[in-house]
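K.L.:
Predicted model and sequence below, questions to follow.
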Amino acid sequence: MSEVFKQAKLGNIELSNRLVVAPMTRISAEHEGEPTDLMQDYYARFAEGGFDLIITEGVYVDRKASQAYRYQPGLTDDEQQQGWKEVVQEVHQAGAAIICQLTHSGAQMQYNRFCEHPKALSEVVPKGKPVSMYGTLENWVKPEVMDDLDLNHIMNGFVGAAKRAKAAGFDGVELQAGEGYLLNQFLSTYFNQRKDQWGGNLDGRLRFLLMVVKAIRDACGKDFVLGARISQITATDDDYQWPEGEDGFRYMLEQLRDAELGYIHTHDTAVNRKGFIDSNKSLAEVAKEVEGLQLIINGAITEGNVEDLAAQYPDALLSVGRKALVHQDLPKRLKEGLDIYDLDPTMLEPKATIQHELNWRKINLG
Ligand SMILES: Cc1cc2nc3c(=O)[nH]c(=O)nc-3n(C[C@H](O)[C@H](O)[C@H](O)COP(=O)(O)O)c2cc1C
């Protein structure tokens, strides 16, 4: 009896299996940030392939410094909202629920049509080089430091985008507090070197995220699904660890739960990678122990380990990125025991756009 193909719930969303499409940036929107017809087809294909829940790519939330990439979609004006409404309708018609991931680039900005320089908490650039599949920037640009007015604007951006997501028909929103984007930068002692109320100890570094969660809960009501993605790793750094270790992470999750966050979506290079400086547990293992917070786990879930992970985390949903990109009908393939392949990186080269993916399919699969 499969542990994966069991009925499940996320908040009030009913699911016939536990597989979720992980958020994946596809830089395929209009230049002005409106979702395209190609994006409607792309998201609907997962629903047709048996996924009951899809989390969108990271969507920018304001018209100042939140956009990270050229052709990234936004949720900041009526046109963008209308474009998303059409995506949501297609996905709903195809039988799946869809959650919108809300993000702010902070220091991790490669292109922004509203401002020239990134804005961030401190004058710190991300480690490594900008990710080439998302843009053409060669070296990170040193950010300007945000002041309280900027942070106020960002808070309003997140709340405004969440309200627009609800109005567009989304089943919920997920805050991108992982992978090195702004809400993740707050938590990180590498990015956040502030001496004011937004930095310092864990309470200081967690403050802004908690305020965003509470503000969205107030604005969107208690039944709207509200989650957060969280990781120590960033898009360009697999090694960062929070100094407060396992107990610090547990404390973060308890605080988020008490602020009425509905779910936490952990991400590491592998679900069970030992994550902390002071313990042998993974992020997912600690999150599983926190009562009253639903869990989505992510990181190298494959046809080889999915049943074991489903058994180890009986109450969690399992989100899949790369394998879902290769096989948008992954649930059907798993159920029927059909062939499943690894992602060929050339599918995302030179850029991770939907059009490149479709060209790749035509050339390689006929
Ligand atoms: C092309 C691509 C784009 C991604 N974009 C995002 C994103 O927008 N937001 C996010 O939280 N994670 C993003 N990720 C990370 C995935 O959600 C996921 O965490 C990662 O691929 C690991 O899961 P996997 O082993 O199942 O692929 C992206 C990954 C890929 C491959």
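P.N.:
Noted; the coordinates are in hand.

K.L.:
so where do the strands sit in the stretch 1-150 of the chain?
P.N.:
Listed in chain order, the strands of the stretch 1-150 of the chain (DSSP state E, counting those that start in this stretch) span 8-10, 13-15, 19-21, 53-60, 97-103, 119-120, 144-145.

K.L.:
Any chance of these in a markdown table with distance to residue 84 as columns?
P.N.:
Every residue, glycine included, has its C-beta placed from N, CA and C. Formatted as a markdown table, the strands of the stretch 1-150 of the chain follow (distance: least, Cβ to Cβ, whole Å):
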| stretch | distance to residue 84 |
| --- | --- |
| strand 8-10 | 19 |
| strand 13-15 | 17 |
| strand 19-21 | 16 |
| strand 53-60 | 8 |
| strand 97-103 | 7 |
| strand 119-120 | 25 |
| strand 144-145 | 30 |
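
K.L.:
and of those strands, who's closest to residue 257?
P.N.:
Comparison of these against residue 257 by Cβ to Cβ identifies strand 8-10 as nearest, at 14.8 Å.

K.L.:
and the residue of the chain nearest the ligand?
P.N.:
Proximity of the chain to the ligand (Cβ to the nearest ligand atom) peaks at residue 321, 2.8 Å away.

K.L.:
How many neighbouring residues does residue 78 have?
P.N.:
Burial of residue 78 is recorded as 9 neighbouring residues (other Cβ atoms under 10 Å).

K.L.:
can you pull the pLDDT of the closest residue to the residue of the chain closest to the ligand other than its chain neighbours?
P.N.:
Nearest residue to residue 321 in three dimensions, chain neighbours excluded: residue 22, at 3.9 Å (Cβ to Cβ, 6 or more residues apart in numbering). On pLDDT, residue 22 comes in at 99.

K.L.:
repeat for residue 244
P.N.:
Turning to residue 244, the model gives it a pLDDT of 98.

K.L.:
One more: residue 1?
P.N.:
Listed pLDDT for residue 1 reads 78.

K.L.:
Against residue 301, how distant is it?
P.N.:
19 Å (Cβ to Cβ, to the nearest Å).

K.L.:
One more: residue 227?
P.N.:
Distance, residue 227 to residue 301, using Cβ to Cβ: 18 Å.

K.L.:
Are the strand ranked longest in the chain and the ligand in contact anywhere?
P.N.:
Ranked by residue count, the top strand of the chain under DSSP state E comes out as strand 225-234. Yes: contact of strand 225-234 with the ligand (Cβ under 6 Å from any ligand atom) involves residue 229.

K.L.:
angle of the helix or strand following that strand against strand 225-234?
P.N.:
Per DSSP states H and E, the first helix or strand lying C-terminal to strand 225-234 is helix 245-258. Counting by axes from the mean of the first three to the mean of the last three Cα atoms, to 10 degrees, helix 245-258 points 160 degrees away from the direction of strand 225-234.

K.L.:
which of the residues in stretch 118-127 are buried?
P.N.:
For stretch 118-127, burial by neighbour count (16 or more other Cβ atoms under 10 Å) applies to 118, 119, 120, 121, 122, 124, 125, 126, 127.

K.L.:
same question but for stretch 94-110, I mixed them up
P.N.:
Buried residues in stretch 94-110 (16+ other Cβ under 10 Å): 94, 96-110.

K.L.:
and the two most separated of the residues you listed?
P.N.:
The two members of those with the most space between them (Cβ to Cβ) are 94 and 107, at 37.0 Å.

K.L.:
So which residues on the stretch 201-350 of the chain come close to the ligand?
P.N.:
Residues of the stretch 201-350 of the chain lying close to the ligand (Cβ under 6 Å from any ligand atom) are 229, 267, 298, 299, 300, 301, 320, 321, 322, 323, 348.

K.L.:
Tell me the secondary structure at the closest residue to the fifth one other than its chain neighbours.
P.N.:
Just to be clear, that refers to residue 300. Distances taken as Cβ to Cβ, 6+ apart place residue 270 nearest to residue 300, at 4.5 Å, with adjacent residues excluded. Following DSSP: H, G, I helix; E, B strand; the rest coil, the label given to residue 270 is coil.

K.L.:
now stretch 40-48: mean pLDDT?
P.N.:
Across stretch 40-48, pLDDT averages out at 98.

K.L.:
Name the residues of that stretch that are buried.
P.N.:
Buried positions in stretch 40-48, judged by neighbour count with 16+ other Cβ under 10 Å: 40, 42, 43, 44, 45, 46, 47, 48.

K.L.:
Stretch 346-360 too?
P.N.:
347, 348, 351, 352, 353, 354, 356, 357.

K.L.:
and that stretch, what's its mean pLDDT?
P.N.:
Mean predicted confidence for stretch 346-360 is 96.

K.L.:
so where do the helices sit in the stretch 201-350 of the chain?
P.N.:
With DSSP state H, counting those that start in this stretch as the definition, the stretch 201-350 of the chain shows helices at residue ranges 202-220, 245-258, 283-289, 306-312, 322-326, 330-336.

K.L.:
Give me the buried positions along the second one.
P.N.:
Within helix 245-258, the residues that qualify as buried by neighbour count (16+ other Cβ under 10 Å) are 245, 246, 248, 249, 250, 252, 253, 255, 256, 257.

K.L.:
can you tell me which of those residues lies nearest to residue 281?
P.N.:
Out of the buried residues of helix 245-258, the member with the shortest distance to residue 281 (by Cβ to Cβ) is residue 246, at 5.8 Å.
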